[in-house]
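K.L.:
generate coordinates for the sequence data below:
(3 chains)
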Amino acid sequence: MPDSAVRALYDHLLARLGPQGWWPADTAEEMIIGAVLTQAVAWQNAARAIDRLREAGLLSLAALAEIEPTIIVPLIRPAGYFNVKARKLVAVACHITAGGGVAALAARPMPIARQELLGVFGVGPETADAILCYALGHPAMVADTYARRVLLRVGVLPASAATGYEVARRALGAQLPPDADAAWLGEWHALLVAVGKDWCRPREPRCEDCPAHARCAYAHTAAMGRGR
DNA sequence: ACCCAGGGTCATA
DNA sequence: TATGACCATGGG
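P.N.:
This is a model prediction of the structure:
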């Protein structure tokens, strides 16, 4: 599996869309908090919750590790699922704080850190990979729904590997440039999300019929993805 | 009124 | 291991 298709698509999207500036956070801790808050919710909603936490002086893992989840429920309300997410945030904050903080977590080998994160309540595969890449500086590929949707239609990802997260993650990881670092992968994922937003919605049966494709780079990127 | 959004957990078969 | 229910707000 040559990585040339991935490189070509990356270069094309970067030239066309420009740098996406992900992850939108001032600090690694803020990134981690945002990763939990944005789960299954538009980023704008998560951003409001982050602002409220900041105003309350609770936008840090040390602070979140010492409060009861119910304290932040009204603060993170705009992010939706506030009862669950309040417990998730405290669980993540407690774990990382007890483990020596973000720096100590980042110092461990990526597979170790990943397994460790997956063991924390509220951290699934996608959130774990996002944290690894954007907060810890590891070369992790985030194989989320947008990435799978786009790469499937572009022909980079075989249909047999597009359903589950872990399968897609392995298939995509094998096609990445060997020298891809955290910055490259972070931009890669952000670009895929940017394109994916412009494409047809999940319920649309056949993407060829989706008018959104005419307005975006679909025809061009699809051709490049197939090595035209 | 409906669909969707930068998921994950838990109970069930 | 693979589904389905559930969590809940905000924008189009």
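K.L.:
could you check stretch A:176-183 and say which residues are buried?
P.N.:
Residues of stretch A:176-183 classed as buried by neighbour count (16 or more other C-beta atoms under 10 Å): A:176, A:180, A:182. Every residue, glycine included, has its C-beta placed from N, CA and C.
K.L.:
in JSON lines: those residues, plus distance to A:Glu30 and pLDDT.
P.N.:
Below are these laid out as JSON lines (distance: C-beta to C-beta, whole Å; pLDDT from 0 to 100):
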{"residue": "A:Leu176", "distance to A:Glu30": "27", "pLDDT": "95"}
{"residue": "A:Ala180", "distance to A:Glu30": "25", "pLDDT": "97"}
{"residue": "A:Ala182", "distance to A:Glu30": "17", "pLDDT": "98"}
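K.L.:
list just the nearest of the residues you listed to A:Ala190.
P.N.:
Proximity of the buried residues of stretch A:176-183 to A:Ala190 (C-beta to C-beta) peaks at A:Ala182, which lies at 12.2 Å.
K.L.:
that closest one touches A:Met141, doesn't it?
P.N.:
No - look at A:Ala182 against A:Met141 with C-beta atoms under 8 Å: they stay out of range, at 10.5 Å.
K.L.:
intersection of neighbour lists for these two?
P.N.:
Common neighbours of A:Ala182 and A:Met141 (criterion: C-beta atoms under 8 Å, 6 or more residues apart in numbering): A:Cys133.
K.L.:
contact residues of chain A facing DNA strand C?
P.N.:
Neighbours of DNA strand C within chain A, by C-beta under 7 Å from any atom of the strand: A:40-42, A:44-45, A:48, A:77-78, A:80-85, A:164.
K.L.:
make it 6 Å
P.N.:
A:40-42, A:44-45, A:77-78, A:80-84, A:164 (C-beta under 6 Å from any atom of the strand).
K.L.:
show me the residues you listed that map onto helices.
P.N.:
Taking DSSP state H, the ones among those that sit in helices are A:44-45, A:82-84.
K.L.:
which among these end up buried?
P.N.:
Buried members of those, scored by 16+ other C-beta under 10 Å, are A:45, A:82.
K.L.:
center of chain A - which residue?
P.N.:
Centroid-nearest residue in chain A: A:Ala130, 4.4 Å away (criterion: C-alpha atoms, centre = their mean).
K.L.:
excluding its backbone neighbours, what's nearest the closest residue to DNA strand B within chain A?
P.N.:
Residue nearest to DNA strand B within chain A (C-beta to the nearest atom of the strand): A:Gly124, separated by 2.4 Å. Of all residues not flanking A:Gly124 in the chain, A:Leu118 sits nearest, at 7.3 Å (C-beta to C-beta, 6 or more residues apart in numbering).
K.L.:
list the contacts for the one you found?
P.N.:
A:Leu118 touches A:124-125, A:128, counting by C-beta under 8 Å, 6+ apart.
K.L.:
ok, which stretches of chain A are helices?
P.N.:
Going by DSSP H, chain A shows helices at A:4-17, A:28-37, A:43-55, A:61-64, A:69-72, A:82-98, A:101-107, A:110-118, A:125-130, A:145-154, A:165-173, A:182-198, A:212-215, A:218-225.
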